[in-house]
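1. Model the structure of this input:
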Amino acid sequence: MLRLAIIFLVVGLILGALGFGGIGGAFVEIAKILFYIMIALFVIFLVLALMAGKAVT
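-> Coordinates of the predicted model:
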């Protein structure tokens, strides 16, 4: 998912540099959404992994 976010970000920046600001902005917004989803999934899986470990006695 991080790969998709980076691809959308790069394409958005290229489109913005070429003068296609509207489409480029949409690509950057999609990249931001994908990045936030990836961060949320990382935190969820990190918490699940920590809770699945053995309890300290």
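2. Leaving out the residues flanking it, which one is nearest to Met38?
-> Of all residues not flanking Met38 in the chain, Met1 sits nearest, at 4.5 Å (CB to CB, 6 or more residues apart in numbering). C-beta here means a position set from N, CA and C on the backbone, and glycine is covered the same way.
3. Please apply the same query to Leu18.
-> Closest residue to Leu18 apart from its sequence neighbours, by CB to CB, 6+ apart: Gly24 at 7.9 Å.
4. The one you found contacts Leu13, doesn't it?
-> Yes. In this structure Gly24 lies within contact range of Leu13 using CB atoms under 8 Å: 6.9 Å.
5. which one of those two has more residues nearby?
-> For Gly24 versus Leu13, neighbours defined as other CB atoms under 10 Å are more numerous around Gly24 (18 against 14).
6. From Ala49, how far off is that one?
-> Distance of Gly24 to Ala49, given as CB to CB, to the nearest Å: 37 Å.
7. Please name the residues that touch the residue lying closest to Phe27 once chain neighbours are set aside.
-> Nearest residue to Phe27, sequence neighbours excluded (CB to CB, 6+ apart): Gly12, at 3.1 Å. For Gly12, the contacting residues are Ile23, Gly24, Gly25, Ala26, Phe27, Val28, Ile30, Ala31, by CB atoms under 8 Å, 6 or more residues apart in numbering.
8. what pLDDT does Gly12 get?
-> pLDDT, Gly12: 92.
9. element containing it, please.
-> Per DSSP states H and E: Gly12 is located in helix 2-17.
10. circling back: contacting residues around the residue nearest to Met38?
-> Contacts of Met1 by CB under 8 Å, 6+ apart are Leu34, Ile37, Met38, Leu41.
11. what about the second one, distance to Val47?
-> Right, Ile37. 16 Å.
12. The two: which is more packed in?
-> Neighbours were counted for Ile37 and for Val47 using other CB under 10 Å; Ile37 has more, 13 against 10.
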